[in-house]
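> I would like to see how this sequence folds:
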Amino acid sequence: MQRITKPEALGQKRAKERADAARDLNAANAEALKTYGWVDQSKGIVRLPVDRAMELTIQHWKSPDAGRSNLLSRVLEATKPVSFE
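Numbers count the residues shown, from 1 in each chain. Purely as a prediction, here's the structure:
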């Protein structure tokens, strides 16, 4: 009977599941790098496509002093504690 049915190797099914999961994860990550989306809507934090983020970074850092103060203000805003009142 074993010669007729020839069962698959024990790890073959699990290897296929892992390969499928890795493929799905890579596709989701690739999509996240190319699209806009909310990271934390309550704090106003968005995800930008990589190309747009690089353009904005170059734009903001043309003046290092202004870029530094802008960065600090955004970090303070993004990390302030949430009020539950």
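> the strands in the chain, which residues?
37-40, 45-47 (DSSP state E).
> Parallel or antiparallel, list what pairs with the shortest one.
Paired neighbours of strand 45-47 in the sheet (DSSP bridges): strand 37-40 (antiparallel).
> Would you mark the buried spots in the partner strand?
Buried residues in strand 37-40, defined by neighbour count with 16 or more other Cβ atoms under 10 Å: none. Backbone N, C-alpha and C define where each C-beta goes, glycine included.
> contact partners of it?
By Cβ atoms under 8 Å, 6 or more residues apart in numbering, the residues outside strand 37-40 that reach it are 45-47, 78.
> so can I have JSON lines of these showing distance to His60?
Below are the contacts of strand 37-40 laid out as JSON lines (distance: Cβ to Cβ, whole Å):
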{"residue": "Ile45", "distance to His60": "16"}
{"residue": "Val46", "distance to His60": "15"}
{"residue": "Arg47", "distance to His60": "17"}
{"residue": "Ala78", "distance to His60": "15"}
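> which among those residues gets closest to Ala30?
Distance to Ala30, by Cβ to Cβ, is smallest for Arg47 among those, at 13.3 Å.
> For Tyr36, give its distance to Pro64.
Counting by Cβ to Cβ, to the nearest Å, the gap from Tyr36 to Pro64 is 27 Å.
> Let me fix that, I meant to ask about Asn29.
On the measure of Cβ to Cβ, Asn29 and Pro64 end up 32 Å apart.
> repeat for Ala15
For Ala15, the distance to Pro64 - Cβ to Cβ - is 51 Å.
> just checking, what's the longest helix in the protein?
Secondary structure of the chain per DSSP state H: the longest helix is helix 10-34.
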